[in-house]
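Engineer: Need the 3D shape of this:
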Amino acid sequence: MPQILFVMDPIERIQVRKDSTFAMLLECQRRGWAPRICGLGDLYARDGAPFATAAAVRVFDDPQRWFEAEDARETALADFDVVFMRKDPPFDSEYLYATLILDLAKARGTVVVNDPQALRDCNEKLATAWFPQCCVPTLVTRDIDRLRAFAAENGAVVVKPLDAMGGESVFRIPPGDPNANVILETVTRHGTRTIMMQTFIPAVSEGDKRILLIDGQPVPYALARVPAAGEARANLAAGGEGHGVALSARDRWICEQVGPALRRRGLLFVGLDVIGEWLTEINVTSPTCIRELDRLYGLNIAGLIMDAVAQRLAGRDGS
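Structural biologist: Numbers count the residues shown, from 1 in each chain. The predicted structure follows:
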């Protein structure tokens, strides 16, 4: 029976109906696997060996009572067959240090999902630069004059920081916006923080699609997140409403461009954001929308993830 650790946000604060990590915990339990949970601050290393203060957990698909956890105990990460890194951004120095500790576990044979080196390499905004054929015109810089020039060249644009999630600090700047300078000064912190600027894609009104990739292969349906009235951001955390859609031919082409490269990097579970015909983000830290797609289409996406994990374990063990 595999021993599984989930590094996650506090389980008492999750939204059971929407939380993808919770879906994975439920699937582990259904399989008779032994999930344990911990937070970022529960990881540590001593004399070069990685450890976690982790609690065994039982989960229930009940929004009133969804878990029972035992007292946490010290456990060597090498004792776990699999560690899922599911902590939400921001990707700050503490997150970085956690991936370095997880590297120590990987070196001892533990399967880490997603691969800690890949988490460091694959910034969720900037990784789209690996696939320019899939993207609208995009600029990454902290130079305000360069940003102004790009906006003048491309018309309406969207700006966003590189280290946030859920639509945080995302701004649309239409041509001639008198607030453009103050937006750029705010988001770049007066030219001291690198940001991304992308050409605005009007098709966002039809939905920002979240496409899930498992070991490089797409789930055949996406969740199209439609902005709320008067809102430019489609993120569910910003009030967007989710609708299920089948993948289009263009969606599948984007997945063919992106999936194999991400798989080679050890990114087993990824969420692509696609607006209209264009890739806008590659989510690798804690992709979500499992539960919504499962309900809409009768899927078991967490089951597909655990099947892929089982294949990794079989390869590790030579079976």
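Engineer: how close does residue 121 get to residue 130?
Structural biologist: Residue 121 sits 10 Å away from residue 130, taking Cβ to Cβ, to the nearest Å as the criterion. Any C-beta I mention is one placed from the backbone N, CA and C, and that applies to glycine too.
Engineer: Can you pull the residues that touch both of those two?
Structural biologist: Residues touching both residue 121 and residue 130 by Cβ atoms under 8 Å, 6 or more residues apart in numbering: none at all.
Engineer: Just give me the longest strand of the protein.
Structural biologist: Taking DSSP state E as the criterion, the chain has its longest strand at strand 49-59.
Engineer: Show me where this protein dips below the pLDDT cut-off.
Structural biologist: Residue ranges of the chain with pLDDT under 70: 166, 228-240, 319.
Engineer: try it again with 90
Structural biologist: 1, 34, 89-91, 163-169, 205-206, 226-242, 314-319 (pLDDT under 90).
Engineer: domain parsing for it?
Structural biologist: Listed by automatic domain parsing, the domain ranges of the chain are 3-116+307-317, 137-200, 203-283.
Engineer: quick one: terminal-to-terminal distance for the shortest one?
Structural biologist: Yep, that's domain 137-200 we're talking about. One end of domain 137-200 sits 9 Å from the other (Cα to Cα, to the nearest Å).
Engineer: Skipping its backbone neighbours, what lies nearest residue 68 in space?
Structural biologist: Sequence neighbours aside, residue 58 is the residue nearest to residue 68 in space, at 4.7 Å (criterion: Cβ to Cβ, 6 or more residues apart in numbering).
Engineer: on that earlier part again, list of residues touching the longest strand of the chain?
Structural biologist: 5, 7, 11, 22, 25-26, 29, 34-38, 42-45, 66-78, 101-102, 104-105, 108.
Engineer: Mind listing the strands that strand pairs with, and their directions?
Structural biologist: With DSSP bridges as the test, strand 49-59 is paired with strand 34-38 (antiparallel), strand 43-46 (antiparallel), strand 67-69 (antiparallel), strand 73-76 (antiparallel).
Engineer: Going by neighbour count, which residues of the second one are buried?
Structural biologist: Counting neighbours by 16 or more other Cβ atoms under 10 Å, one finds that the buried residues in strand 43-46 are residue 43.
Engineer: contacting residues around it?
Structural biologist: With contacts defined as Cβ under 8 Å, 6+ apart, strand 43-46 is touched by 7, 50, 51, 52, 53, 77, 98, 101, 102, 104.
Engineer: Repeat that for the shortest one.
Structural biologist: Counting by Cβ under 8 Å, 6+ apart, the neighbours of strand 67-69 from elsewhere in the structure are 11, 12, 37, 55, 56, 57, 58, 59, 60.
Engineer: Separate out the buried members of these.
Structural biologist: The neighbour count (16+ other Cβ under 10 Å) marks 11, 37, 55, 57, 59 as buried among these.
Engineer: Pick out whichever of the residues you listed sits closest to residue 292.
Structural biologist: Nearest to residue 292 out of the buried ones among the contacts of strand 67-69 is residue 59 (Cβ to Cβ; 18.2 Å).
Engineer: Specify the beta-bridge partners of that closest one.
Structural biologist: Under the criterion used here (DSSP bridges), residue 59 is bridged to residue 67.
Engineer: now the helices: where do they sit in this structure?
Structural biologist: 20-30, 93-107, 116-121, 144-154, 180-187, 249-264, 290-297, 301-317 (DSSP state H).
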